[in-house]
Structure formats: C-alpha cells, structure tokens
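Colleague: Have a look at this prediction, sequence included:
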Amino acid sequence: MRLTSIAAGILILALAGYSALNTIAPRAAAAPGKSPQGAARGPMSPAGSPPRDSQKESAPQVPQELPETQESIKVQTAVVNVFATVRDKHNGIVGDLTKDDFKVYEDGVQQKVAYFSKEVNMPISLAIMMDTSGSMYYILGAEKDAGSRFVREVMHKKDEAIVMTFDTDVNLLADFTEDPAVLARAIHRAEINVDATGIGGTGGTIPHRTGGGTNLYDAIYLAAHDELGSEAGRKALVILSDCEDNGSKMSERDAVESAQRGDAVVHIILISDPRNSEGYGPGVAQSLAQETGGRVINVRNDRGLEQAFDIISEELRSQYVLGYTSTNANRDGTFRKIKVEVSRPETKILARRGYYAASR
C-alpha cells in the first residue's frame, strides 16, 4: 500500500482526536479478506481506516432473549499495560525479577500491579521502517542484509510485521504477514527515492512541502496510527534512519503522540554515514524512543547494524509485563505520566513514560 491523503488524516485528527486502546486482547485470526503473503492493500486514508475483516468475524453473537430491563449495564475496566526491559550495570538483560521487585507510579501516585509476567511468547506486531532518502545511499545494501536477517531471527509463531520505506513519500512494501521470507524479499526491494509501484509496493503520493524531503514523522504516524493502531498485544516500530525530517506534514510531537496512543514502542537504529556531509537527528531519535519506551542505537558501519538488530531482538524477547487499573478513573483523554522503579540496585529500565486515558 502506498499510503495517501495524509492531509485528510490531519483534518480528521483535529476534529475527532484519537481513540486510546489500553487493554490487551487476543490477536484476531487471519480472515479470508486479509491480504495473503504480505501483499499490499489498496490505497487508504491515513485516518479512519476500515477495520480488518477478522475483526468483523469476531463480533459477539446477539442473544436470542433480551433481559426484561430496559436499562443497559456497561462494565468498563481500563487496564494499563506497561512493557519493561531491565538491564544491569554491564548492560546485560535481568531476567529473574518478580512482581515485588517493581513499583509503578502514575502521575506520582503508586499503582497496584494486578498482572505480572515475564513475556517472551506474546505475539509481536512490528513495523520495519527504512529510510530510503539520498542520505542512505551508501548504507542501504547493509540495511537490507541486516534487516532480512533480523526478521528471520526475531519472528516467532503468530508474530506479524509490515515493511515500509520513506523518503519524499511513504511506501508499504509488505502488508502484515507472519512469513519472514515475504518480509525479507520486501526489504530487498527497497530503493533510494524510487516509486513503489515499480518495486512491488503500492502506488500513491503523500503531499509534502515545497521541494520535498524526508517524511519521517509522516511515516511514523501512518505506521503507528493506521497500521499498528488496531493490533493487540506488543507493538513496535523499528526505524533505520538518520532521523532528519525535512518534508513531513506531521510534527515530531504528532509522531510521538501517535505511537503513545497506539501503545507502540519506537526503536531507532540511528545511522551516521561519514561520507554524507549532512547532519543527523540524535535529539529527535532520543525523543521518539524515550517517550515510548524504546532505544536508540548509533551505527556507522555494517557491523554496527548487525549488533543493533541483535540488541533490539533481545529486548523484544526479554520484557516484563506490568498491568494495573489506574486509581484515576476519569475518562478524560488526558496524558498520564508513568514511572517504573525496580528494587534491585544498579539497573536500567526501559519502559514507556506515559499513555493517553480513554475518552468519554
């Protein structure tokens, strides 16, 4: 799918806002209408995307007999799920913590952790996002090789992923699929500033500012909001870029907020090519990653790319899940700050810094 009409998405966003989903639900089974083997879907608007057919099939059955009362009873429990990775002072994964080792605070108020697990098998929905602007010319080949190996190693049963590229527009080279081979082939089709219709993707153009540029923020919004927004469980964006945006309609804040509302973690593989005279955006990368519970890994060569993918793969498979019901029951749509602490000394915690409460 070549992602189009982002201006329409911005208008809808301004008028209606987002909808926050904070409860983990089982992943819907693949439906006959879903694109087979990662084939790209047709063009769609960045906002207001239609639900998947699988969601339609899973609708509850209407009871044959209705209760006598005319009043409907609604029970709504907003469970906040926090995924956390803990490393020791030597940067090794700490995998033997218990529920009692954690404390979670929301807006400074300690919360009762009702659900806890060390999650290694919960399905992951991934967006592999590759910067294909001119600044990536010398390292794109290494990105393809390392990215292909990554999807083959990280993908487990029931995991699914998409492949997107972004430069002066945003392209979807592979729709959601569980097949690593399909994803690897899509990654190898990525080209510098090439229209996706010629390399097995979906056609279309996202409007950009005069002169064009790299549409990083637009790509993050489309991935987090349109693609991952309706998915359940663990969600992550893995972005390979120098994080220099000079063409997006969306802002950096819009990109961060779309990931936060979609409960998606942003991992940045920050590429700095010494042969490229332009600067890159470590400040932007840190903001995107830290606010969503992700990591920034700086790379300068092929070896660094492989190591970066290994680190991200390890973290995706070494997370703790902390679930709680907020003591703030207001459905006001506000942003709530989250802080996670661990009793074990000399540890570093990677977890998202907040979420948006549900609206009335």
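Modeller: That came in fine, so what should we check first? Numbers count the residues shown, from 1 in each chain.

Colleague: looking at it, M250 is touching A223, isn't it?
Modeller: No - with contact defined as C-beta atoms under 8 Å, M250 does not count as touching A223 (11.6 Å). In this view, the C-beta of every residue, glycine as well, is placed from N, C-alpha and C.

Colleague: Flag the shaky bits of the chain, pLDDT-wise.
Modeller: The model of the chain has pLDDT under 70 over residues 1-77, 195-212, 273-280.

Colleague: Which parts of it are strands?
Modeller: Using DSSP state E, the strands of the chain run over residues 79-88, 102-106, 109-111, 113-119, 124-131, 160-166, 170-177, 234-241, 265-271, 296-299, 319-325, 335-342, 347-350, 354-356.

Colleague: What is the second one packed up against?
Modeller: In terms of contacts (3 or more C-beta pairs under 8 Å, 6 or more residues apart in numbering; DSSP states H and E), strand 102-106 is packed against strand 79-88, strand 109-111, strand 113-119, strand 319-325, strand 335-342.

Colleague: report the angle between the axes of the first one and strand 265-271?
Modeller: Using axes from the mean of the first three to the mean of the last three C-alpha atoms, to 10 degrees, the inter-axis angle of strand 79-88 relative to strand 265-271 is 40 degrees.

Colleague: So for strand 79-88, what gets flagged as buried?
Modeller: Within strand 79-88, the residues that count as buried by 16 or more other C-beta atoms under 10 Å are 80-87.

Colleague: ditto for the fourth one
Modeller: Of the residues in strand 319-325, those buried under the neighbour-count criterion (16+ other C-beta under 10 Å) are 319-324.

Colleague: For the residues you listed, give me CSV that also has distance to L172.
Modeller: Supplementary listing: these in CSV, determined by distance: C-beta to C-beta, whole Å:
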residue, distance to L172
Q319, 27
Y320, 32
V321, 29
L322, 33
G323, 32
Y324, 35
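
Colleague: Check the residues you listed and tell me the two furthest apart.
Modeller: Q319 and Y324 (16.0 Å; C-beta to C-beta).

Colleague: so who does T85 touch?
Modeller: The contact partners of T85, by C-beta atoms under 8 Å, 6 or more residues apart in numbering, come to 93, 315, 318-320, 349-351.

Colleague: how does it look with 6 Å?
Modeller: Shown in contact with T85 (C-beta atoms under 6 Å, 6 or more residues apart in numbering): 315, 318-319, 350.

Colleague: so what's it bridging to?
Modeller: L350 (DSSP bridges).

Colleague: Format the CA atom coordinates belonging to stretch 79-97 as PDB.
Modeller: This file holds the C-alpha atoms of stretch 79-97, laid out as PDB (Å, rounded to 0.1, in the frame of the first residue of the first chain):
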ATOM      1  CA  VAL A  79      -6.200  -1.900  32.200                       C
ATOM      2  CA  VAL A  80      -2.900  -0.100  31.600                       C
ATOM      3  CA  ASN A  81      -0.100  -2.400  30.300                       C
ATOM      4  CA  VAL A  82       3.500  -1.400  30.700                       C
ATOM      5  CA  PHE A  83       6.200  -3.400  28.900                       C
ATOM      6  CA  ALA A  84       9.600  -3.100  30.600                       C
ATOM      7  CA  THR A  85      13.100  -4.300  29.900                       C
ATOM      8  CA  VAL A  86      15.700  -4.300  32.700                       C
ATOM      9  CA  ARG A  87      19.400  -4.300  32.200                       C
ATOM     10  CA  ASP A  88      22.300  -4.500  34.800                       C
ATOM     11  CA  LYS A  89      25.300  -2.200  35.000                       C
ATOM     12  CA  HIS A  90      27.100  -4.400  32.500                       C
ATOM     13  CA  ASN A  91      24.200  -3.900  30.000                       C
ATOM     14  CA  GLY A  92      23.100  -7.500  30.400                       C
ATOM     15  CA  ILE A  93      19.400  -8.500  30.500                       C
ATOM     16  CA  VAL A  94      18.000  -9.000  34.000                       C
ATOM     17  CA  GLY A  95      15.500 -11.800  33.700                       C
ATOM     18  CA  ASP A  96      14.900 -13.100  37.300                       C
ATOM     19  CA  LEU A  97      12.800 -10.200  38.800                       C
END
